[in-house]
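Participant: could you work out the structure for the sequence below:
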Amino acid sequence: MESIGRSRQTKGAKVKRRAQALFNPDSLLAPVPAPLTLATVEEVEREDDADNEDNEEVPEQDAVENPEAADESDNEPNEAKEPQLAKFLPDRAPVVPAHILADKLEWLAAVQNAAPEVKDLRSRIRPLGRALDLTRNYAVRGSYPETFVSSVKNQYRQQSSLRAESLRRMLGLDLDEENDEAELQKIASNPKKKASRDESDETAIFMTLILQHLNAVNLRGTYAVLRQELAERGVLFEPDLTDAYEATRRESRLLTVLRNAVRRSDRLWTLSTGGRFESQRVVAERLEELLVSMGLLNQDLEEEEDVNIWLEPDQGTLVLDTTVTISAGEQPPIRAASLNKLIEKLTDERGVDLSFIPTFLLTYRSFTTPDKLLEKLKERFDVPMAIAAHRGMDEETFRAQVTRPVQLRVISFIKKWIEDYSYDVDDRLAFEIKEFLKSAAKTSSALQRLCAGVIQNLEKRRQRAMTGSTGLPPPAKVPRNIFAPNLSLYQIDPEEVARQLTLITWEVFSAILPSELLNQSWNKPTLRHRAPNVLKMVASFNHLSQSVATLIVTPKRVKLRAKALDWWIKVADHCRQLNNFHSMTSTVAGINSGPCFRLRHTKHEASKGTLEMLEGCSSILDTDGSWAGYRKRLALATPPLIPHLGIHLTDLVFIEEGNKDVDGGLINFAKRRLLHQTISQIQQFQQTSYSLQPVHQIQELLLKIRPEDSRALMKLSLEREPREAVRASIA
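Facilitator: Predicted coordinates for the structure are as follows:
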């Protein structure tokens, strides 16, 4: 029994040492041990069992006679590695049983309660830990070609001049003077420890950035401790290098480097779509919170002072657009205004412009957030009675003419918001809206009924309403061998392939949200997580066009290539008949791509009738008059239809680039009206779905095509038909 007791004490001592190692304040640069979990306790037990097996030859009575000596050896502190650990943990940390130590959160709370110094230290180093995590995960292909660490290694393996230039960029120094250049070259080409030169360079550059950051944010205590530890560990800084970061201590160069890397990083979109156990929306929201905390979002909009909506002055906060022609008695539309004035316009007690609300709801996410909108609506609902005297009204008149109409319009606007844009409201925001409506319902019986209806819609909020397709789907044109494992794409009727392409494209197009089309989200690395379906449409367009080119160029014989060309032209024409302009354009783009367009002998063998079909499709895509032919065809087409999204994205880019977000410090709402005109047209096309029968086997064939890249495809095209080759010389 005593042997068993000693074994348990040994295990407890090992677990305790692992727990103490988690927070070693005197070794900030030491490798961080694994988090203490139940697996940690089990690992200690396995280690103890292994120790017992190694010591089987030791007589059992020896272990029983000297248990205290064994405990002393187990608990002997390692002063060389943890010289000040006793200051924080051993004397004051509670003796926690192993089953509680297995729960890291409980253990951490116990340690911090017993040792406030540990809690203070963790709060000081938390920003540093977040910065390092961000470096590992996000800072890729930004300022450097590889990951942040690898780029530093690669650049510092080059000549000393390149080392100096890299160090100059990181520290933000001006090296116009030759003396500074020479000094930094001397620092970067330090001849000490040549065997581990790359590692020492990497450590020096990182520690320089970290120390300068600590100094810039006035964490002088942590700065002094870290610098002292670096000196003890032999990570020495040249005096010139020290002066370099001292000279720039007013600004954190570490944060500057990270911001620049994240702003240009294409991997942000990849990271936002990852994660096996979390929805894409949750991951995107967390990424957005991180980018907002770093100041990487809404950079084009000036931060306006957050003034209560009832206290904001009228002067300088609202500008009307007098250039617009209006009817008699109408008020000119808003050209620019503050957020408060826009909310006032939405809930004006004198009446509401019915065309203003749809424009605001569709575009508000380009200048504010759903949370901020709800906050301002709450402010608007709480009408202060003190305004009655300012307007020269008694309280009863003020309640009847201002308070009740304003409150009614606030709830009505929320109702419209929930009905038309329920996908903007997540569960957390829905809870806040519900609580607000419960409170608002107590104001009057009329509001009680209205709020009850809004709460009911909120609890069963749904995605956008979509008009069902009319009529039964036509029978699918499938070959007899549709279930054969060796089914070929060319064995299928081109019309049925066009139908399946339409269904594949419609599934993505119908899922595009209006918010995905704002702020050029699909074009900016830091905003791509906001436009997942737009990016899917772009990817599907490129995949189809490249696949068409690959399947036309690949056959070795001219006649086979001509048959493939005829077949894909028919697919494009059937897409045109289905009003699937997106897939039609993608197919025509593949046929007219460089590797296909140059195959003149293949075109000569193609059918004249199919070539005329190709001309008809191409005429729709004529760029004259800003795609006048396409826009005319689109206006005459009857839904369902899928527009060529690229043209509409180009329109949005022109609007975004040609109009400022801010006009005189106010939100440029005239720009939002232009955005609304384009985006609302896309919304109209999403209302009516196709009545077609999906064929899984055909869709799988289309999606599994692996196209060649453009360079390899051009090389293959030159092999099939060399330049200036005559017909007789090729197969």
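Participant: buried ones in stretch 583-599?
Facilitator: 583-591, 593, 595-596, 598-599 (16 or more other C-beta atoms under 10 Å). Placement of C-beta: from N, CA and C, glycine included.
Participant: okay, now Gln684: neighbour count?
Facilitator: 11 (other C-beta atoms under 10 Å).
Participant: just Phe654 next, same as before
Facilitator: 13.
Participant: wait, is it part of a strand?
Facilitator: No: Phe654 sits outside any strand when classified using DSSP: H, G, I helix; E, B strand; the rest coil, being helix.
Participant: ok, back up a step: mind putting the buried residues of stretch 583-599 in CSV, distance to Ile730 and secondary structure included?
Facilitator: Shown next, in CSV, are the buried residues of stretch 583-599 (distance: C-beta to C-beta, whole Å; DSSP: H, G, I helix; E, B strand; the rest coil):
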residue, distance to Ile730, secondary structure
Ser583, 31, helix
Met584, 30, helix
Thr585, 30, helix
Ser586, 28, helix
Thr587, 25, helix
Val588, 25, helix
Ala589, 25, helix
Gly590, 22, helix
Ile591, 20, helix
Ser593, 20, coil
Pro595, 15, helix
Cys596, 16, helix
Arg598, 13, coil
Leu599, 10, coil
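Participant: out of those, what pair is the most spread apart?
Facilitator: Ser583 and Arg598 (24.0 Å; C-beta to C-beta).
Participant: low pLDDT regions in the stretch 201-350 of the chain?
Facilitator: 201-205, 234-251, 258-305, 329 (pLDDT under 70).
Participant: if we use 90, what do you get?
Facilitator: Within the stretch 201-350 of the chain, the set of residues satisfying pLDDT under 90 comprises 201-308, 311-333, 349-350.
Participant: tell me where it has helices.
Facilitator: With helices called from DSSP state H, counting those that start in this stretch, the stretch 201-350 of the chain shows them at 220-232, 239-247, 253-263, 267-272, 280-293, 339-346.
Participant: got the contact list for the last one?
Facilitator: By that I understand helix 339-346. Contacts with helix 339-346, where a contact means C-beta atoms under 8 Å, 6 or more residues apart in numbering, come from 304, 307, 309, 312, 317-318, 334, 337, 352-353, 356-357, 360, 367-368, 372-373, 376-377, 379-380, 409, 413, 667, 669.
Participant: after it, which helix or strand is next?
Facilitator: Once helix 339-346 ends, the next helix or strand along the chain (criterion: DSSP states H and E) is helix 356-363.
Participant: quick one on the thing from earlier: okay if I get the buried residues of stretch 583-599 as JSON lines plus distance to Gly658 and pLDDT?
Facilitator: Formatted as JSON lines, the buried residues of stretch 583-599 follow (distance: C-beta to C-beta, whole Å; pLDDT from 0 to 100):
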{"residue": "Ser583", "distance to Gly658": "30", "pLDDT": "96"}
{"residue": "Met584", "distance to Gly658": "29", "pLDDT": "96"}
{"residue": "Thr585", "distance to Gly658": "24", "pLDDT": "95"}
{"residue": "Ser586", "distance to Gly658": "28", "pLDDT": "96"}
{"residue": "Thr587", "distance to Gly658": "32", "pLDDT": "96"}
{"residue": "Val588", "distance to Gly658": "29", "pLDDT": "96"}
{"residue": "Ala589", "distance to Gly658": "26", "pLDDT": "94"}
{"residue": "Gly590", "distance to Gly658": "32", "pLDDT": "95"}
{"residue": "Ile591", "distance to Gly658": "33", "pLDDT": "95"}
{"residue": "Ser593", "distance to Gly658": "31", "pLDDT": "93"}
{"residue": "Pro595", "distance to Gly658": "35", "pLDDT": "94"}
{"residue": "Cys596", "distance to Gly658": "35", "pLDDT": "94"}
{"residue": "Arg598", "distance to Gly658": "37", "pLDDT": "93"}
{"residue": "Leu599", "distance to Gly658": "40", "pLDDT": "93"}
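Participant: relative to Val324, which of those is nearest.
Facilitator: Using C-beta to C-beta, the buried residues of stretch 583-599 come closest to Val324 at Thr585, 34.5 Å.
Participant: got a list of what that closest one touches?
Facilitator: Listed by C-beta under 8 Å, 6+ apart, the contact partners of Thr585 are 541, 621, 644, 646.
Participant: if we use 10 Å, what do you get?
Facilitator: By C-beta atoms under 10 Å, 6 or more residues apart in numbering, Thr585 lies in contact with 541, 544-545, 572, 575-576, 617-618, 620-621, 630, 643-647.
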